[in-house]
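Undergrad: Quick one: sequence and predicted model below, then my questions.
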Amino acid sequence: GDGGAGGFLAAGTELELLQSPVLPADVLREAIPGNIRRAEHFLAFLRRLLEYLKTRLNGAKTVESESTVTFLESLHKASG
């Protein structure tokens, strides 16, 4: 079948598909922030993220493992 009336997945099935080992559950439940809903804002956000990643990787001689929270905190501090 198509997953039910109107082609929608059952609530349990949809939740299973949305679960991710990388993102916390509360992040998955949140809507897209208003400031990146428009394509040009989203692209500007991606450009800033890529610049941040370039600065982090520039000259990196070792591999570091950090938690998602630690990464996001350093990203937030770098963005001002």
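TA: Thanks, I have the structure now.

Undergrad: my guess is residue 48 meets residue 79, correct?
TA: Yes. Using C-beta atoms under 8 Å as the test, residue 48 is close enough to residue 79 to be in contact (6.7 Å). Where C-beta positions appear, they are placed from N, C-alpha and C, glycine not excepted.

Undergrad: Okay, now the unreliable bits of the chain?
TA: 1-32, 34, 37 (pLDDT under 70).

Undergrad: for this protein, longest helix please?
TA: helix 39-57 (DSSP state H).

Undergrad: now for that one, which elements pack on it?
TA: helix 68-78 (3 or more C-beta pairs under 8 Å, 6 or more residues apart in numbering; DSSP states H and E).

Undergrad: buried stuff in the helix it packs on?
TA: Along helix 68-78, no position meets the burial threshold by neighbour count (16 or more other C-beta atoms under 10 Å).

Undergrad: mind checking which helix or strand residue 66 is in?
TA: Using DSSP states H and E, residue 66 falls within no helix or strand.

Undergrad: and the gap between it and residue 41?
TA: 27 Å (C-beta to C-beta, to the nearest Å).
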